[in-house]
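Enquirer: A predicted structure for the sequence below; I have some questions about it.
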Amino acid sequence: MLRIFSSINGQVEQIEKPENGSWLCLSEPTDVELATVASQTGIDLADLRAPLDDEERSRVDVEDEYTMIIVDIPTVEERGGRDWYETIPLSIIVTENLIITVCMQDTPVLHPFMEGTIRGFNTFMRSRFILQILYRNATMYLRYLRIIDRESDKLELKLRHSMQNREIVMLMELSKTLVYFTTSLKSNEIVMEKLTTLSRIK
């Protein structure tokens, strides 16, 4: 899906076509949408596709006409009647006049920006927008980590009363999630460090 947003008179509004200072949000994009954005913005199609590979690593790529930032974001998937926590890539591409986000899912990390509930958010303030996305991403990690911590406590309490395989397996899954989160956060930290050295993002 391709949605285009712009800050107009202090409000975030969805618009039909890209204009200076607007935000193009691609979530679960089709090939046609990717090709359209590539032709409209001059961004390499391979770069637009990069975050659609769930193995894509966090990084910062500086091209002549744009900068691409890829970070890992947390996501929840329901399987077998319970929530499973994973990480997926999100790219933030900054050009002279636009900001483009690409993700394989419609992520809640970006929902408040679309809804206009983030204080001080303007689509045309691109450097601030990047920092606001990264901050929102960090708060989502913290939220999910608190949930995982509570679930772990409950499972450990159950294990004291019954040594069933189900609880042990679930604890192991939560442990794996923590490893994924730790790895992703370390990668994101490296991205943040690189961003502080880029004159384009200041």
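Expert: That came through, no problem.
Enquirer: count of neighbours near Met104?
Expert: Other residues within reach of Met104 by the criterion other C-beta atoms under 10 Å amount to 18. Backbone N, C-alpha and C define where each C-beta goes, glycine included.
Enquirer: show me what contacts it?
Expert: Applying C-beta atoms under 8 Å, 6 or more residues apart in numbering, one finds that Met104 lies in contact with Ser27, Glu28, Pro51, Leu52, Asp54, Ile88, Pro89.
Enquirer: does the longest helix along the chain pack against any helices or strands, and if so which?
Expert: The longest helix of the chain (DSSP state H) is helix 126-161. Using 3 or more C-beta pairs under 8 Å, 6 or more residues apart in numbering; DSSP states H and E as the contact criterion, the elements in contact with helix 126-161 are strand 66-79, strand 82-95, strand 99-103, helix 111-115, helix 165-195.
Enquirer: just the CA atoms of stretch 26-43, as CSV, please.
Expert: The C-alpha atoms that make up stretch 26-43 are tabulated as CSV, following Å, rounded to 0.1, in the frame of the first residue of the first chain:
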residue,chain,number,x,y,z
LEU,A,26,5.0,2.1,1.6
SER,A,27,3.7,-0.8,3.6
GLU,A,28,3.4,-4.2,2.0
PRO,A,29,4.0,-2.5,-1.3
THR,A,30,3.2,-4.0,-4.7
ASP,A,31,5.7,-4.2,-7.5
VAL,A,32,3.6,-1.5,-9.3
GLU,A,33,3.8,0.9,-6.3
LEU,A,34,7.5,0.3,-5.9
ALA,A,35,8.1,1.0,-9.6
THR,A,36,5.9,4.2,-9.4
VAL,A,37,7.8,5.6,-6.4
ALA,A,38,11.2,4.7,-8.1
SER,A,39,10.2,6.6,-11.2
GLN,A,40,8.8,9.6,-9.3
THR,A,41,11.7,10.0,-6.9
GLY,A,42,14.8,8.6,-8.7
ILE,A,43,15.4,6.1,-5.9
